[in-house]
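>>> sharing a sequence plus its predicted fold:
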Amino acid sequence: MRKPQKPQQAQQPLKIGLGIIGFGTVGQGVWKHLSASKKAMESRMGVKIELIGVCVRDPEKKRGVQIPRTQIHTDPGAIIDDPRVNIICELMGGTTTALDVTLRALHQGKVVISANKALICEHGARIFAAVSKHGGQYLFEASVAGGVPIIKSLREGLVANRFSEIAGIINGTCNYLLTRMEKEGLAYETVLRDARRLGYVEADESLDLDGVDAYHKAVILAFLAHGKWVPRASTLVEGIRAVTLEDIQRARDFGYRIKHLAVIRRNFAKGHMTLGVYPALIPLDKVLARVDGVYNGISLTGDVVGTTTLVGRGAGQDATASAVIGDIVDAIRALKGAAFKFLTQADLDSYSALGSTVRMAGLDEIQTSFYLRFRLRDKHGVSAEVYRILAEEKISVSRVIQYENPGTREGTHTLSTYPVTEAAMENALRKFRKIRTVLEPPLVLRIFNPEN
Ligand code: NAP
Ligand code: HSE
């Protein structure tokens, strides 16, 4: 007779402890949505998830998401060094304390999940080296394009490709501002107030308005696609402060919409690349021209797939929380032993090999079409002077529209050009500044004609 078998002891599910450093727009979104989906995630993944605590500057601040006071700390160490915590979400922003927090957690081999594009852009190389040295993980899907899974797409779905162009709208605040100004005729300041209230704007809003946030994100994409950390000095970084309601209307007269774009181009034959972020005119019928409000849209042109465009919410609590939670799920899989590790030494070696084969193009190698808007004194020969300078720089004009400004002795003269080098346009601008009948420096915007 066989002996009766002892009942098998049910295996305890693996405990995952999670701490959040920074409990503002994004941090609260992550806590709120994780609390709501925790049970379902636990049963799907076979783990027990514990939300251990958060860290803030001001523990008494009123917040939309309420949690017990005992779980709110002001010392990041209380979260990072807690032995129950294996995943730390760095959602505080900035590049000083956030760097210390990140390295302290990585040195303990923990998982860090971040939405902090400024930090990655400035200190990515150091952070990734710490990952590789100490065996932790660093995941940052939320750092670019909010809820759009662009980093996963580059690393996984589109990995077969070499990208000649990655271009898109990657700052939600700028897109929200330009869209509402155009569609509702609202003033910049009015729309900016709404963007702040909705949680789209960075704590330092000049990062959004001056194009720096888009630059940070573009640098991350360029690193993932081309293995190069592009220094600020080799890029064109412009924001949207100079764009007026009038410009938005004039652009439409030419058949374009104004969008704030990031454009990363790689010329494989010449071995160079360019990275720029700026407001640009896009033909009305293109997909990117129709990406509105807080939405982001990124078109990637790869040698195998052709052009693929991803569109989704680029900022705000829920979209960003969605990306952070996606990373949490990947981290849990890894903690359970799945063979997942992004940024191994082998990854880093392959990125640096890739990056060593490309240089940044000079201004005389970058060709673009431009739109120019001049305010001119109403005097004979004024536009002739403008055209003389354009001819001197071999800049060829494709279209012109002239507007009278009734009741004044001024006119607005707008024109578009055929492709010319950035260097030629810079020379022309220097000369325009010296003409006394040009009443202010002309507004110069690039014209971008994407694949689809
Ligand atoms: P936020 O609303 O300003 O929240 C920042 C949080 O960090 C606050 O809770 C703040 O505490 C805390 N904090 C700041 N410095 C701290 C310090 N030295 N010690 C402890 N706590 C500190 O910012 P957010 O919009 O959530 O953005 C967070 C990060 O996500 C940033 O890197 C941002 O670029 C990125 N991001 C934001 C969005 C978005 O749509 N908002 C989208 C994608 C990525 P107090 O609350 O006490 O002040
Ligand atoms: N301030 C950023 C934006 C948040 O408006 O795009 C998302 O990264």
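Okay, I see it. Ligands and ions are numbered 1, 2, ... in the order given.
>>> residue contacts, Asn161?
Residues counted as contacts of Asn161 (CB atoms under 8 Å, 6 or more residues apart in numbering) are Leu300, Gly302, Asp303, Val304, Val305. For every residue, glycine as well, the C-beta is placed using N, CA and C.
>>> for it, helix, strand, or coil?
Here Asn161 is coil, with the state taken from DSSP: H, G, I helix; E, B strand; the rest coil.
>>> show the backbone phi and psi for it.
With angles defined as degrees, to the nearest 10, Asn161 sits at phi -100, psi 150.
>>> please tell me the pLDDT value assigned to it.
pLDDT for Asn161: 96.
>>> now it. Nearest residue, chain neighbours left out?
Closest residue in space to Asn161, ignoring its immediate chain neighbours: Gly302 at 2.7 Å, by CB to CB, 6 or more residues apart in numbering.
>>> so what's that neighbour bridging to?
Phe163, Gly306 (DSSP bridges).
>>> again with Val438
Val438 has these beta-bridge partners by DSSP bridges: Leu376.
>>> which pLDDT value belongs to it?
We have a pLDDT of 78 for Val438.
>>> over to the one 5 residues further on?
According to the per-residue confidence, Leu443 scores 93 in pLDDT.
>>> list the contacts of stretch 194-212.
Residues contacting stretch 194-212 (CB under 8 Å, 6+ apart): 24-25, 93-94, 118, 171-174, 176-177, 180, 192, 213, 216, 237-241, 260, 277-278, 294, 315-317.
>>> let me know the helix or strand that the most centrally placed residue in the chain is in.
Centroid-nearest residue in the chain: Lys217, 3.5 Å away (criterion: CA atoms, centre = their mean). Using DSSP states H and E, Lys217 sits in helix 212-226.
>>> low-confidence stretches in the stretch 1-150 of the chain?
By pLDDT under 70, the weakly predicted segments of the stretch 1-150 of the chain are 1-10.
>>> for ligand 1, give me its nearest residue in it.
Nearest residue of the stretch 1-150 of the chain to ligand 1, counting by CB to the nearest ligand atom: Gly24, 1.9 Å away.
>>> ok, now which ones touch that residue?
Residues in contact with Gly24 (CB under 8 Å, 6+ apart) are Leu91, Met92, Gly93, Gly199.
>>> for Cys273, list the residues it contacts.
Quick fix: residue 273 reads Met, not Cys. Ala222, His226, Lys228, Val230, Ile264, Arg265, Arg266, Asn267, Val358, Arg359, Met360, Ala361.
>>> near ligand 1, which residues of the stretch 301-450 of the chain are found?
Residues of the stretch 301-450 of the chain lying near ligand 1 by CB under 6 Å from any ligand atom: Ala315, Gly316, Thr320.
>>> just the buried residues out of these, in ChimeraX syntax.
To isolate the buried members of those in ChimeraX, using 16 or more other CB atoms under 10 Å:
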select :315,316,320
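>>> so can I have TSV of the residues of the stretch 301-450 of the chain next to ligand 1 showing distance to ligand 2, secondary structure and pLDDT?
As requested, these are exported to TSV (distance: CB to the nearest ligand atom, whole Å; DSSP: H, G, I helix; E, B strand; the rest coil; pLDDT from 0 to 100):
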residue	distance to ligand 2	secondary structure	pLDDT
Ala315	4	coil	97
Gly316	8	coil	97
Thr320	6	helix	98
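>>> residue of the stretch 1-150 of the chain closest to ligand 2, please.
Closest residue of the stretch 1-150 of the chain to ligand 2, CB to the nearest ligand atom: Gly146 (5.2 Å).
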